[in-house]
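Participant: Starting from these lines, generate the structure:
(3 chains)
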Amino acid sequence: MHIVVDRRPEGVALIDDDGATALVPEPQFAAAVAEREAEHPRWVWTDTAQWYPPLLAAGVRVERCHDLRLVDAIIAGIAGRPARRSWGSAPEPARADTLFDLDGATDAAPAIAAPLAWQQQRAAIAAHADPARLTLLAAAESAGALAAAEMQHTGLPWSAAAHDALLAEALGPRPAPGRRPARLDELATQVEALLGVGPVPIDSPPELVKALRRAGLDVATTRSAELTRLDHPAIAPLLQYKTLSRLHTANGWNWLDEWVHDGRFRPTFVPGGVVTGRWASDGGGALQLPKQVRGAVQADAGWALVVADAAQLEPRILAALSGDAAMARAGAGVDLYAGIVASGAVASREHAKVGMLGAMYGGTTGVSAQVLPRLARSFPQAIGYVEAAARAGERGERVTTRLGRTSPAPSAAWRERQGAAGAEGADESAGRAARSAARSWGRFTRNFVVQGTAAEWALAWMAGVRRRLWTTGAGPLATQPHLVFFVHDELIVHSPLDRVAEVEQVLREAAVEAGRIVFGATPVSFPVTVAAVQRYSDAK
DNA sequence: AAGCCTAGCGCC
DNA sequence: AGGGCGCTAGGCTT
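Facilitator: Model (predicted):
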């Protein structure tokens, strides 16, 4: 059963499958949703990120939805048209308004109301080559949007005091606004003294390069990887300065002031924010929380953080995508890389890991390239699958994930470059540029199929965890186990201590179920490592 | 002053 | 000459 939510001048219309319409004044919307939720409908609305937070603020949770905006982005991607950017019942803007709009708005579809969009999306899904998979994708994407809003609403438990303490330990006490922490001052002074070439503007990479060169060091950049190779007494304090400076600027006291309130970090997750279907975040850097500060993520008293991580998710995804039985066998245990070593394909776990990552990213150098032929011999289907995706991208073709998300077509400039290289009279440099661009796009499509399908698995996992934790009528989210964090292949549930065992079971069961949802029957297993801890940093 | 770009580094 | 991101600071342009 569906209920389409349509904002109208006189209130919010709730439209059933049979067309029955209830018009609810805006102030009564949350109460109306709460009442109808008892029927377990799937709410069909334009944008979960717009509709759901006010409901959560009013204490109303929604179990299922269909997010028209997110699903439109998926369908538009498949069709190769731009995603719709405006929603509602607004009439199409006059042509004169858009005629000279060069930012691309002209090829975007006009605003559309929810009921018509819903009708069109159902038709589009039904007409798709694999409606069942696309339906799963729409449901998983939408469930993710609900989870994202709930996680932002509830927040990640965060101890400002612990964060301040670890900053003080690393950097010295909090400095006055605009001042550099004492520890950074010391390190900068040391670097200057040890280089011995006068003042060193340590925060400016171009100036720092000049200073290093004046000191006789042959460097082109200030990247840590390049500096590490140098043998000079100033390098150690310089590298330490960079690490600590990063902590201070990215996740220091200013970050703490801005992002942590009332013991919670509330980032904005952006479902579908990445072209592959991964989530992005907006503000707070939620998906890049450095390990350095994870000690500040602390469960409430009487609660635990149940941290779950899908073990070697991407190579397992590749094994399932490609139907590689040998790689499935290698992944029978919790450590797929160890399984690859045991199969005799490569000599060490590190080689297995670097080789598989290289295969999925398109690495062409170093150890990764060295072990690739061995992996290809042992796992021809898996390696062949990503190679085929790369070749397709190099030809300018689009590729799709397991559930049907489609990669964008290469740009017009890319196609022109390929055409120019093949044209009569084309010079050698045009050919090189074209091949380089082709290989680059091939690396993107190569990775797209794996990263995108892994994102689908993760959405299915998250949705399964959320559904299992769902207990209708059991009170507000914050009184029972609930999701508080997600990073691509990792989930954190904040749980009362006496329900931790149950939550661990839920996380494992949902992982098994996610494999079935995305791949059907597959010999590939998707184990998760689970740890119940007080502090995030204690997991792993 | 604001906007855009790059370098660099954090995460997966 | 290895995929996807977000964020900050510096430095440039407008």
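Participant: Can you show me the strands along the stretch 151-300 of chain A?
Facilitator: Using DSSP state E, counting those that start in this stretch, the strands assigned to the stretch 151-300 of chain A run over residues A:156-157, A:260-261, A:264-265, A:268-270, A:280-282.
Participant: Which stretch among these is buried most, on average?
Facilitator: Sort the strands of the stretch 151-300 of chain A by mean neighbour count, taking mean count of other Cβ atoms under 10 Å, and strand A:156-157 sits at the top with a mean of 24. No exception for glycine: its C-beta is placed from N, CA and C like everyone else's.
Participant: Could you spell out the sheet neighbours of it, each with its direction?
Facilitator: Neighbouring strands of strand A:156-157 in its sheet, by DSSP bridges, are strand A:264-265 (antiparallel).
Participant: Tell me if the partner strand is near DNA strand B.
Facilitator: No: contact of strand A:264-265 with DNA strand B (Cβ under 7 Å from any atom of the strand) is absent, the minimum separation being 14.4 Å.
Participant: Need the residues that contact that strand.
Facilitator: Surrounding strand A:264-265, the residues in contact under the criterion Cβ atoms under 8 Å, 6 or more residues apart in numbering are A:154-158, A:259, A:284, A:286, A:297.
Participant: Those residues of chain A touching DNA strand C, which are they?
Facilitator: Taking Cβ under 7 Å from any atom of the strand as the contact definition, chain A meets DNA strand C at A:201, A:203-204, A:206-207, A:249-250, A:255, A:270, A:273-276, A:278, A:280-285, A:287-288, A:354, A:357-358, A:361-366, A:368, A:440, A:443-444, A:446-448, A:451.
Participant: related to what we said a few turns ago, can you lay out the contacts of strand A:264-265 as TSV showing distance to DNA strand B and pLDDT?
Facilitator: Rendered in TSV, the data for these read as follows (distance: Cβ to the nearest atom of the strand, whole Å; pLDDT from 0 to 100):
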residue	distance to DNA strand B	pLDDT
A:T154	21	94
A:G155	19	95
A:L156	14	96
A:P157	18	96
A:W158	16	96
A:W259	16	94
A:G284	12	89
A:A286	10	92
A:V297	12	97
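Participant: Show me which of these is closest to A:P25.
Facilitator: Sorting the contacts of strand A:264-265 by distance to A:P25 puts A:T154 at the head of the list, at 28.3 Å, by Cβ to Cβ.
Participant: What is the neighbour count of that closest one?
Facilitator: Residue crowding around A:T154 was assessed by other Cβ atoms under 10 Å; the count is 18.
Participant: Is it in contact with A:P481, as I believe?
Facilitator: No: A:T154 is not in contact with A:P481 according to Cβ atoms under 8 Å; the separation is 11.3 Å.
Participant: and for these two, which residues touch both?
Facilitator: Between them, A:T154 and A:P481 have A:H494 as joint contacts when contacts are counted by Cβ under 8 Å, 6+ apart.
Participant: so who does A:V306 touch?
Facilitator: When contacts are counted by Cβ under 8 Å, 6+ apart, A:V306 touches A:481, A:492-495, A:500, A:503-504, A:507, A:530-532.
Participant: Count the residues that sit near A:A539.
Facilitator: Every residue meeting other Cβ under 10 Å relative to A:A539 is counted, giving 19.
Participant: ok, now which ones touch it?
Facilitator: When contacts are counted by Cβ under 8 Å, 6+ apart, A:A539 is found next to A:305, A:307, A:309, A:531, A:533.
Participant: May I ask you to confirm that the last one is in contact with A:Q298?
Facilitator: No: at 9.2 Å, A:V533 does not count as touching A:Q298 under the criterion of Cβ under 8 Å.
Participant: residue ranges of the helices in the stretch 1-150 of chain A, please?
Facilitator: A:29-37, A:48-57, A:68-79, A:95-98, A:114-127, A:131-154 (DSSP state H, counting those that start in this stretch).
Participant: And for the stretch 401-540 of chain A?
Facilitator: Applying DSSP H, counting those that start in this stretch to the stretch 401-540 of chain A gives helices spanning A:412-422, A:428-469, A:500-519.
Participant: Could you point out which residue ranges in the stretch 401-540 of chain A have low pLDDT?
Facilitator: Low-confidence segments of the stretch 401-540 of chain A, defined by pLDDT under 70, are located at A:472-477.
Participant: swap that for chain A, sorry
Facilitator: In the prediction, chain A carries residues with pLDDT under 70 at positions A:89-109, A:472-477.
Participant: Good, we can wrap up now.
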